[in-house]
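*Asks:* 3D, please:
(one chain, ligands or ions: 1)
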Amino acid sequence: MNSNNNNNNDSSSEDDIQVYETLTKLPPANELLPRKLTIDIDVKSLYPLKSLPQFFKTYVPFLEESTQRNCAISETPINDDNRTLLDYYDENKQNLVYKRFDQLDLGKRTSNDRTYFATLIANFKRAQPRVYFRGEALFDQKLTSCTSDQIQFDSNFESGNLFCAFKKSENVYDLVIQNDINTRGNTQWFFFSVTGAKAGQTIQFNLLNHLKSGSLFNEGLQPAVYSIKDNQLNGTEWCRDGFNISYFKSPFMKEYPLSLKKKYYQLRFHYTFKHNDDKVYFAHSYPYTYTNLLEFLNTQLDDQERNQHLSRKVLCTTLGGNTCEVLTITQNTLQRRAYRKGVVFLARQHPGEPQGSYVMQGIIEFLTSNNPQAEYLRQNCIFKIFPMMNPDGVVNGNYRCGLEGSDLNRRWKKPNKYLHPSVYYAKKYVKGFSKERQIILVIDLHGHSRKQSSFVYGCAYSSQVKTIERVFALLMAKLNPFMDYPSCTFRIENSKDKTARIQLWRELKINWVYTYECSFYGQQKKHFQVKDYLNCGVSICNALSQIVKDTSKEFTNQANVPDIQQQILEELGKMPQTDDQDNGSDSSQSEAELSDDELVQLFQPKTYTTKQKNYLKQQEFNNKKKPQPVNPKSTLNSQKASILQESPSKNSDQKPPMSSQKPKNTLYRIQAPQRLRQIEQAKQPDPPLMVDKSVQTDDWMYRQWLIQMGKMKKQQEFLSVTPTRNIYKSSSQSVTRFIVKNSSTKNDRGRVDSISLVSSGLQNKLISSSQQRQMMRYSGSNFMS
Ligand SMILES: [Zn+2]
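*Replies:* Coordinates of the predicted model:
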């Protein structure tokens with residue numbers, strides 16, 4: 001099970017090719033990798049962006065925190081009045097010193113709509129999405145004249161997020177973070193620059209409108225800081241700096257929903273500038289932009305050694321016109337190719353969690369290297385890598401969402417081809433990949449803003465029984481000093497049902513599907529540096545190389561190879577029972593998403609199928625006999641129904657979708673033509689041109705209609721979707737085997753989902769001999785092969 005196994009590959013190559021030829025019935029893994037492949041991609045943003053400096057030339061160690069002057073939770077202003085940020089703005093507009101989109105022509109602004117403070121609305125009906133701003137008064141407000149010795153803010157660059165800034169007093173500035181585009185909130189990520197401060201000048205920054213109630217900023221986390229001057233003089237790159245940091249409930253209420261009277265949270269920090277004429281960047285964590293990714297991939301592909309094993313393909317074009325890519329890494333030979341296992345890595349579903357990209361970069365750099373372990377992995381696995389699932393969000397400085405304003409990692413159940421193309425195509429791709437070969441591992445990389453260290457969320461039916469799902473998590477934790485196994489949880493939370501992790505686990509029956517979370521902070525009150533994140537990636541590969549089987553010995557006796565999986569299961573069985581408490585969930589299904597009606601204003605479906613057209617013709621024909629008045633409200637509803645995958649709306653003032661009023665099956669058929677006709681009569685304006693043509697096929701509308709019509713039914717199914725499970729026990733020698741069978745759906749019935757071993761003493765159940773025989777058969781099957 002180590003790299004030495006590869007030394008005599010060549011001796012068996014003839015056999016391998018013969019075996020390969022006998023397996024011609026299997027579809028080939030993929031075509032031989034193209035050697036030279038460079039995709040030249042522009043970064044597309046909704047608004048003009050300035051370029052960023054090249055932040056990382058080398059990875060330098062983090063400056064020791066000897067000068068740290070943190071005092072957690074200093075004075076907490078308590079203000080129980082019901083002011084919103086809009087009220088704040090009215091009181092302080094004479095102090096406005098920065099607004100992000102000052103020079104930008106924002107097209108038509110909606111009038112009299114100041115519902116939420118910092119929202120940009122991008123309208124995708126036209127070839128170029130038009131950007132609207134709600135809260136127009138701010139745009140008419142002139143900035144207070146900035147003399148050259150005053151400090152100036154900027155955030156018009158990739159991943160930048162600062163909406164506006166107010167000068168409170170000489171060295172105190174109040175900052176407002178921008179909502180995720182097309183949402184009413186999701187404010188947590190910040191990234192802006194400051195120029196014009198003098199050496200020795202200390203400035204207090206108050207970020208007024210954070211979303212989350214808890215933060216590692218109260219436990220010692222400092223903002224990430226990059227000084228251009230310091231980099232030129234001392235080579236310092238991103239580091240953690242700032243002092244007197246506290247995070248507390250803001251006096252300002254969220255503008256939406258106002259009735260709930262929820263408050264924002266405020267981050268306060270101080271920073272002492274070191275140089276005159278400096279430009280200093282501040283961010284939540286070390287930024288990793290879409291451009292950074294493209295540059296990194298280009299260096300990989302320019303490298304004659306590395307590009308042998310790496311190919312790059314366009315998965316889809318996103319709403320914003322950016323390209324979402326999928327990489328393939330494997331040994332560029334036919335030898336044993338048919339036996340290679342599948343491994344899938346994803347990152348940056350959440351754009352404001354750049355840690356995921358560093359971990360991913362560590363993985364890619366390692367897998368394309370000439371390290372013997374990497375070579376072993378390439379010979380035995382085919383890696384499919386989605387390095388940036390949400391480039392639009394990354395480019396435009398969002399925290400959680402894509403441009404359509406929803407959390408992509410809550411869209412995996414039924415992603416919409418048009419609204420969530422990267423999820424739709426990635427899911428389809430992974431499903432196709434799983435038909436081609438066994439996928440043994442899926443890891444989705446994230447950042448966590450409330451817990452320290454790194455850890456995984458896995459999926460398991462029981463938190464009591466230590467099943468196979470935990471094996472790889474423990475192995476990773478053993479090999480990674482920056483990973484904490486006790487922080488890992490293995491649960492199927494209802495709130496996370498639509499995540500990539502739970503959906504892929506359910507649909508593809510892969511035991512090792514994990515969400516890997518890296519803290520924004522670090523471990524034991526020591527900040528993670530970039531190289532630590534990279535090493536987390538290397539260590540994931542390291543763990544995989546320990547456990548993946550050598551395919552050159554597929555048909556030979558592997559008895560000599562120690563079964564690590566077995567060892568870990570036994571070790572897990574001996575570990576004390578933990579409660580699997582997840583008290584730091586980083587997910588928050590937000591009320592910040594736009595309502596269905598608002599989304600319909602922004603997005604339009606495009607084409608009809610022949611089947612739909614026939615419906616429409618038929619309906620037209622029928623209508624000539626019996627004309628029907630068109631209710632504009634229901635037109636909107638049906639349009640909405642066709643556009644929206646799953647209605648995220650929780651607005652009480654909205655009527656339920658029409659389909660929910662017609663729960664009976666028999667009514668669906670009668671309703672269909674009428675609804676489609678209504679959609680056509682809605683006189684659609686220009687179709688969206690920003691989307692890749694392949695994103696929309698003509699069955700789209702029909703599918704939307706089906707989905708919407710079956711919504712009620714599916715909601716009922718959804719409630720019962722957690723498979724009823726049969727856990728059988730058997731004991732042999734000193735261990736008990738647990739076999740979990742899936743009995744929920746027709747196709748999966750009887751399929752074994754997991755086998756686990758725990759030490760004996762717990763078993764007290766007798767089972768029939770036939771069950772036992774069956775179990776022996778299942779347990780004999782190797783989950784790794
Ligand atoms: Zn995340």
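
*Asks:* and the residue of the stretch 101-250 of the chain nearest the ion?
*Replies:* residue 188 (10.7 Å; C-beta to the ion). (Glycine included, C-beta is placed from N, CA and C.)

*Asks:* for that residue, what are its contacts?
*Replies:* 177, 210, 211, 212, 284, 352, 399, 400, 449 (C-beta atoms under 8 Å, 6 or more residues apart in numbering).

*Asks:* so what's it closest to, chain neighbours aside?
*Replies:* residue 399 (4.7 Å; C-beta to C-beta, 6 or more residues apart in numbering).

*Asks:* do residue 602 as well
*Replies:* residue 123 (5.2 Å).

*Asks:* same question for residue 353.
*Replies:* Residue 353 sits nearest to residue 447 (C-beta to C-beta, 6+ apart), 3.2 Å away.

*Asks:* quick one on the thing from earlier: return the subset of the contacts of residue 188 lying in strands.
*Replies:* residue 210 (DSSP state E).

*Asks:* make TSV out of the contacts of residue 188 and add pLDDT, neighbour count and distance to the ion.
*Replies:* Listed next are those as TSV, based on pLDDT from 0 to 100; neighbours: other C-beta atoms under 10 Å; distance: C-beta to the ion, whole Å:
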residue	pLDDT	neighbour count	distance to the ion
177	94	30	18
210	93	25	16
211	88	22	13
212	90	16	12
284	96	26	13
352	96	29	8
399	95	27	9
400	94	30	7
449	91	25	9
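
*Asks:* I'd like to know how many residues surround the residue nearest to residue 602.
*Replies:* Close neighbours of residue 123, defined as other C-beta atoms under 10 Å, add up to 18.

*Asks:* any idea how far residue 45 is from it?
*Replies:* As judged by C-beta to C-beta, to the nearest Å, residue 123 and residue 45 stand 15 Å apart.

*Asks:* would you map the helices across the stretch 301-450 of the chain?
*Replies:* For the stretch 301-450 of the chain, the helices defined by DSSP state H, counting those that start in this stretch cover 355-367, 372-380, 391-396, 421-436.

*Asks:* can I get the ones you listed in a markdown table with mean pLDDT, mean neighbour count and distance to the ion?
*Replies:* Listed next are these as a markdown table, based on pLDDT from 0 to 100; neighbours: other C-beta atoms under 10 Å; distance: least, C-beta to the ion, whole Å:
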| stretch | mean pLDDT | mean neighbour count | distance to the ion |
| --- | --- | --- | --- |
| helix 355-367 | 95 | 26 | 7 |
| helix 372-380 | 93 | 21 | 26 |
| helix 391-396 | 95 | 29 | 11 |
| helix 421-436 | 94 | 20 | 14 |
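
*Asks:* how about these, which one is nearest residue 514?
*Replies:* Nearest of these to residue 514, taken as C-beta to C-beta: helix 355-367 at 12.0 Å.

*Asks:* what lies in contact with the closest one?
*Replies:* By C-beta under 8 Å, 6+ apart, the list of residues contacting helix 355-367 from outside reads 285-286, 288, 292-293, 296, 300, 309-310, 327, 329, 345, 347-348, 350, 374, 377-378, 383, 385, 387-388, 445-447, 516, 518-520, 528, 530, 533-538, 540-541.

*Asks:* ok, now stretch 290-310?
*Replies:* Counting by C-beta under 8 Å, 6+ apart, 33, 35-38, 41, 43, 52, 55, 158-159, 312, 322, 325, 327-332, 357, 361, 364-365, 367-370, 378, 387-388, 391, 394-395 sit against stretch 290-310.

*Asks:* what secondary structure does the residue of the stretch 101-250 of the chain closest to the ion sit in?
*Replies:* coil (DSSP: H, G, I helix; E, B strand; the rest coil).

*Asks:* what does the chain have sitting close to the ion?
*Replies:* 350, 353, 446 (C-beta under 5 Å from the ion).

*Asks:* how about the residues you listed in TSV, adding neighbour count?
*Replies:* Formatted as TSV, the residues of the chain next to the ion follow (neighbours: other C-beta atoms under 10 Å):
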residue	neighbour count
350	29
353	28
446	26
